[in-house]
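> Take a look and give me a structure for this.
(chains A, B, C and D)
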Number of protein chains: 2
Amino acid sequence: MKLEITCTRAEANHKQLQTCMETLHEMEGSFQKMTKLLSIAGSDVRLKILYLLNLENELCPCDLADILKMSMPAISQHMRKIKDAGIINSRRDGQTLYYSLNRDETEIFSSIFKSIELIRKTA
Amino acid sequence: MKLEITCTRAEANHKQLQTCMETLHEMEGSFQKMTKLLSIAGSDVRLKILYLLNLENELCPCDLADILKMSMPAISQHMRKIKDAGIINSRRDGQTLYYSLNRDETEIFSSIFKSIELIRKTA
DNA sequence: TACGTAATTAAGCAAATACTTAAATACGGA
DNA sequence: TCCGTATTTAAGTATTTGCTTAATTACGTA
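Numbering: from 1, shown residues only, chains lettered A, B, ... in the order given. Next up is the predicted model:
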């Protein structure tokens, strides 16, 4: 683990490297937030869950378990991750919990959903 | 692992569930492709690498190791993952390899980069 | 109260991830 | 050809992830 600038290439532009380091440092918080969102969405199962919530407005764990052909605990654990990231809300109606997208926090997902549908068309 | 529709809620809309299943099935390929991209970007280190490549046009592993304060093998292994996903290209100039974004394959990353900068401003 | 269903939580485990160090490969120059 | 630098590859390991099964909690109803 080197902590200084060690690249010895003749062409190395140390000023450029310094600028990059400063940029990243200033943006550290933004990167953390975005990494969190993307790591949530970067799972096959969770991306489908988010897509379905966008499509259907709200769904319960039971529905998702059926649709995705997975066990309830497996779904439930994914939901907790997504919820902890602040991406979804839930409301209870009797014994059933309904989850829905927190639209304020998910502008980036709109782009992702659009992109998925674009891939579908051009494939 | 249940494989049939088992949700026994009175309110369960089996037609809705069926439609969801069919939609996902049709879009399976798109989801796979997008999951691949998002799982690449859903790592702190790799998201920064992609952001820097977008900013600087091209960088070598040595530069990235300096900027991110990581070892060369660690960077190299991330680069291979990103390359295998078809997101970046490389060119060699002497002993130095320069990596750059494959702009054709990374429209979704433009949205992500924009979103990162938006977080930065509103934070 | 006791029972049944929806859902979560807990514990355990196999697979995937992300580093480390050491060895190998690629290239240019003396 | 031999050496040094840039980079990758290989092997090993600790951590994280994503499921499983079993137990628990929450709620509605008889």
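> Angles on the backbone of residue A:92, please.
Per-residue torsions, residue A:92: phi -110, psi 140 (degrees, to the nearest 10).
> Also the one 4 residues further on?
Torsion angles at residue A:96 (phi, psi; degrees, to the nearest 10) stand at phi -100, psi 140.
> Give me the pLDDT value at the nearest residue to it once chain neighbours are set aside.
Once flanking residues are discounted, residue A:96 sits nearest to residue A:60: 4.9 Å by Cβ to Cβ, 6 or more residues apart in numbering or on different chains. To be clear about C-beta, it is placed using only N, CA and C from the backbone, and glycine gets the same treatment. We have a pLDDT of 97 for residue A:60.
> Also the one 5 residues further on?
Note for residue A:65: predicted pLDDT of 96.
> could you check whether the helix or strand containing residue A:79 is close to chain B?
Applying DSSP states H and E as the criterion places residue A:79 in helix A:72-84. No. Against chain B, helix A:72-84 shows no contacts by Cβ under 8 Å from any Cβ of the partner chain, the least distance being 8.9 Å.
> ok, residues contacting that helix?
If you take Cβ atoms under 8 Å, 6 or more residues apart in numbering or on different chains as the criterion, helix A:72-84 is touched by A:40, A:43, A:45-46, A:49-50, A:61-62, A:64-65, A:68, A:88, A:90, A:99.
> other SSEs contacting the worst-scoring helix or strand of chain A on mean pLDDT?
Ranking every helix and strand in chain A by mean pLDDT, DSSP states H and E puts helix A:107-122 at the bottom, with a mean of 92. Counting contacts by 3 or more Cβ pairs under 8 Å, 6 or more residues apart in numbering or on different chains; DSSP states H and E, helix A:107-122 packs against helix A:28-41, helix A:44-56, helix B:28-41, helix B:107-122.
> re the thing from before, nearest to DNA strand C among the contacts of helix A:72-84?
residue A:62 (2.8 Å; Cβ to the nearest atom of the strand).
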